[in-house]
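**Student:** after the sequence you'll find the predicted model.
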Amino acid sequence: MRRADGQYIRLARLPYLVAAEADGESDFEQIAPRVSKDFGRTVSADIVRYLAEERLRPLGVLAATNGSSTMLPRAKLGVLALWFRTPMVPEGVVEAFTAVFRPLFFAPVVIVVLAGFAALEFWLFFIHGISWSTLVEALYRPENFLTVFGLGILAASFHELGHATACRYGGAKPGRIGAGIYLVWPVFYSDVTDAYRLSKAGRLRVDLGGVYFNAIFWLAIAGAYFLTESEVLLIAVFFGQLAMLYQFMPFVRLDGYYVVSDLTGVPDLFARIKPTLRSMIPGRATDTRVLGELKPWVRVAVTAWVLITIPALIYLLARMGINAPFMYTTAWDSFLVNYDTVLSAFGEGKVVDGVAGLVRIVLLIIPVVGLPLLYALIGKRLSGALWSWLGGKQPLRAGPASDLLGTESRHEEELMGTESRHEEELKRAEEVYDGLVEEFSRHLRDLPQLIWQADLRRTELKQAFFEQRAKQAEEEYRRVAEEAEKAARAHEQARSAYIKTQKAARHAGLEARRLEELGDKEVRRLEELRQTAPDRTAVFNLGVLFEGRGEYDLAVEAYQQAIDSGHAEAAPRAAFDLGILFEERGEYDQAVEAYQQAIDSGHPEEAPRAAFNLGLMLDKQGEYDLAVKAYQQAIDSKDAEWAPKAVFNLGMLFEGRGEYDLAVEAYQQAIDSEDGDAASKARLNLGVLFEERGEYDLAEQAYQQAINSGHPEVAPEGTRNLRKLHMRLTARESSEARRSPWRG
């Protein structure tokens, strides 16, 4: 039952019925018959009066005769309570949101959501897969970190709205939504105190409503991933699911704790720890709060919860205390690094990097400040308990002299025994106090040493960091110097080539005029040969001449005559040249037909070359199946020049279509061909493919083979890709923009 001040009190059935019938106008004689009817047994007016005046009014459930209510003090907040509550969303706004989202708890909707979430889990972990190294590397990038952090905040807010919506769906009234401090972290909360009026099923719905809304939220984010294919959204989904699992912990006041509480019907499980432990001491009677108030199966469940929770909390607090020096040292080093990052980011105008650094700094400060606060609260509670134990004994009081005369000797013995026990307890208390003072003094003496060690560790880490950066800068400088030297040599070669080209152009002008004169004569001679000579090579040469002069229609006619002649040499060559001519003019259908004629001729040189050109043209046009067929014809020819090139291009085609196994097989065939150019490029592309698939060992091996090939283009790019791979694996340069690996 809820009192006027908002606190809930658990009542037995009879006092509850009396409180429900007390309307402020009926007297005890009028209330008694109505209570008897509901209770099933006769209840007299005297019993009603006794319950109202001796039980309900002292509890503040019923007002006094003058209209005032008894104001009971609220329970003190424990160490595991929510501190510094700050309401953020008023009840009116919460009520409006819950009205909108209330249909999400309809049974068909719940079934669809749970089925979709199960499908998402299966796809994410068994089909798509999650790599922890990829997760960590992605979060080093400021934009990804801010995206995951922002989605986490939205998911936490939606989580609390789920509790409030479940509360309203069951018929209770949700309160405000706000934020506070729990343990050492800021958290959101929703006031669903009114849910205590609901049935067990209704309370469990409220307990699980937050996690259910999280499932809806991450399903929506997964849908956004399928639309955008942004991997950072899947990373957010993964961390969101970890947060959902964290909510089911029953050791602290999270959703799992309230599920256990509502399943057993025990409102405050932590209040049962002390009586449960006392009842387990041999020779002590079972506490009434365990034996009298709890059913047998509930006693077993609560005892099991206590036996699991106490070691878990002790382990948690001990680990926090043991790791505190390391945590503070690491936090200080990380603070300095992030501080420098924030300053440089804002100085260079990189707002996203700067904001991400500020968020990281805040996340570092929170546990640093929260851990001492937590231990201060624990110390306050322990000191209060120790003070109560030391000062809670009542002093001995002397009675009237007339009462002591007859029983002086007996009381003297009791007094001496009491004084002896009192002295022993006081002595033990002094020993405990001295031990605490000694422990505190020892920690105080060790504090300068810990600070010195932390500062030394920070200096070592900072020196190692700068040495690593200096080494990387030196390597980058050498690489840039080498590239600059190559560029200078290339510039000089280009200058020499330009001079030679100018000389050749002047010579070519004179030669062109001479050839033009000779060309007219050659055309007339070839025309005569075409009419008289049985060898059709003249017709082919005439087509080459027409094509060189830009007279394409005449060239096509001459090439076609050579093809129609069926000459063993001239016909395949004419078909190949005609295919090139049609391809250059954009007449792809005619080019396919000409290339196919060259392939069908079976010519040992022209057929493989035509098959390769046909595959390349179809590949560019997006006709992948036909391109695969043409490349395969070139491969089957086993030509020393065109088969390796065809199998390499086939590997790139398969990779572009996402058929990675076929691409690996094709690249391996190119490597086995021992063609210097195709094999080297295939090794490089194979390394890129393995790296994209997360098979870093195979990628490193392929890059090393590409480097060892000594290819003038492939080897330097293999070195660069291998260096990037090593940097990626160590996640030291994740915040810098990465260029895509070079492909052959």
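**Tutor:** Yep, that arrived.

**Student:** the closest residue in space to Phe248 that isn't next to it in sequence - how many residues pack around it?
**Tutor:** Closest residue to Phe248 apart from its sequence neighbours, by Cβ to Cβ, 6 or more residues apart in numbering: Gly256 at 3.9 Å. For every residue, glycine as well, the C-beta is placed using N, CA and C. When counting by other Cβ atoms under 10 Å, one arrives at 19 neighbours for Gly256.

**Student:** same check on Glu606?
**Tutor:** Residues lying near Glu606 (other Cβ under 10 Å) number 23.

**Student:** how much space separates it from Gly566?
**Tutor:** Distance of Glu606 to Gly566, given as Cβ to Cβ, to the nearest Å: 14 Å.

**Student:** how about the helices of the stretch 451-600 of the chain, start to end?
**Tutor:** For the stretch 451-600 of the chain, the helices defined by DSSP state H, counting those that start in this stretch cover 537-548, 552-565, 570-584, 588-600.

**Student:** if you compare those helices, which one is most tucked away?
**Tutor:** helix 570-584 (a mean of 23; mean count of other Cβ atoms under 10 Å).

**Student:** helices or strands up against that one?
**Tutor:** Applying 3 or more Cβ pairs under 8 Å, 6 or more residues apart in numbering; DSSP states H and E, one finds that helix 570-584 makes contact with helix 537-548, helix 552-565, helix 588-600, helix 606-621.

**Student:** for Ala156, which of the ones you listed is the nearest?
**Tutor:** helix 606-621 (49.9 Å; Cβ to Cβ).

**Student:** for the closest one, name the packing helices and strands.
**Tutor:** When contacts are defined as 3+ Cβ pairs under 8 Å, 6+ apart, helix 606-621 sits against helix 570-584, helix 588-600, helix 624-636, helix 642-656.

**Student:** and the helix or strand harbouring Leu245, how far out from the chain middle?
**Tutor:** Using DSSP states H and E, Leu245 sits within helix 231-247. Centre-to-centre, helix 231-247 and its host chain are 5 Å apart (Cα atoms, centre = their mean, to the nearest Å).

**Student:** in that helix, what's buried?
**Tutor:** For helix 231-247, a neighbour-count test (16 or more other Cβ atoms under 10 Å) marks Val232, Leu233, Leu234, Ile235, Ala236, Val237, Phe238, Phe239, Gly240, Gln241, Met244, Gln247 as buried.

**Student:** next, count neighbours for the closest residue in space to Ile31 that isn't next to it in sequence.
**Tutor:** In space, and not counting its chain neighbours, Ile31 is closest to Glu21: 4.8 Å by Cβ to Cβ, 6+ apart. Glu21 is flanked by 17 other residues according to other Cβ under 10 Å.

**Student:** any stretches of the stretch 601-744 of the chain with poor pLDDT?
**Tutor:** Applying pLDDT under 70 to the stretch 601-744 of the chain flags residues 728, 730-744.

**Student:** could you redo the last one with a cut-off of 80?
**Tutor:** Where the stretch 601-744 of the chain drops to pLDDT under 80, the residues are 673-674, 676, 709, 723-744.

**Student:** which residues touch Thr552?
**Tutor:** No, residue 552 isn't Thr; it's Tyr. Taking Cβ atoms under 8 Å, 6 or more residues apart in numbering, we find Tyr552 in contact with Phe546, Leu581, Arg585.

**Student:** so the second one is in contact with Val556, correct?
**Tutor:** Yes - under the criterion of Cβ atoms under 8 Å, Leu581 lies in contact with Val556, with a separation of 6.8 Å.

**Student:** give me the element Ala63 is part of.
**Tutor:** Following DSSP H and E, there is no helix or strand that holds Ala63.

**Student:** look up how far Ala22 lies from it.
**Tutor:** Computed as Cβ to Cβ, the Ala63 to Ala22 distance reads 9 Å.

**Student:** the two: who's more crowded?
**Tutor:** Ala22 (19 against 15).

**Student:** check what pLDDT the closest residue to Arg457 other than its chain neighbours gets.
**Tutor:** Leaving aside its sequence neighbours, Arg457 sits nearest to Thr329 (Cβ to Cβ, 6+ apart; 5.2 Å). The model reports Thr329 with a pLDDT of 76.

**Student:** what does Ser133 give?
**Tutor:** Confidence score, pLDDT, at Ser133: 65.

**Student:** quick check: domain ranges of the protein?
**Tutor:** Following automatic domain parsing, one gets these domains for the chain: 1-74, 78-256, 420-504, 535-730.

**Student:** any chance of those domains in JSON lines, plus distance to Leu269?
**Tutor:** What follows is these, written out as JSON lines (distance: least, Cβ to Cβ, whole Å):
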{"stretch": "domain 1-74", "distance to Leu269": "14"}
{"stretch": "domain 78-256", "distance to Leu269": "8"}
{"stretch": "domain 420-504", "distance to Leu269": "29"}
{"stretch": "domain 535-730", "distance to Leu269": "45"}
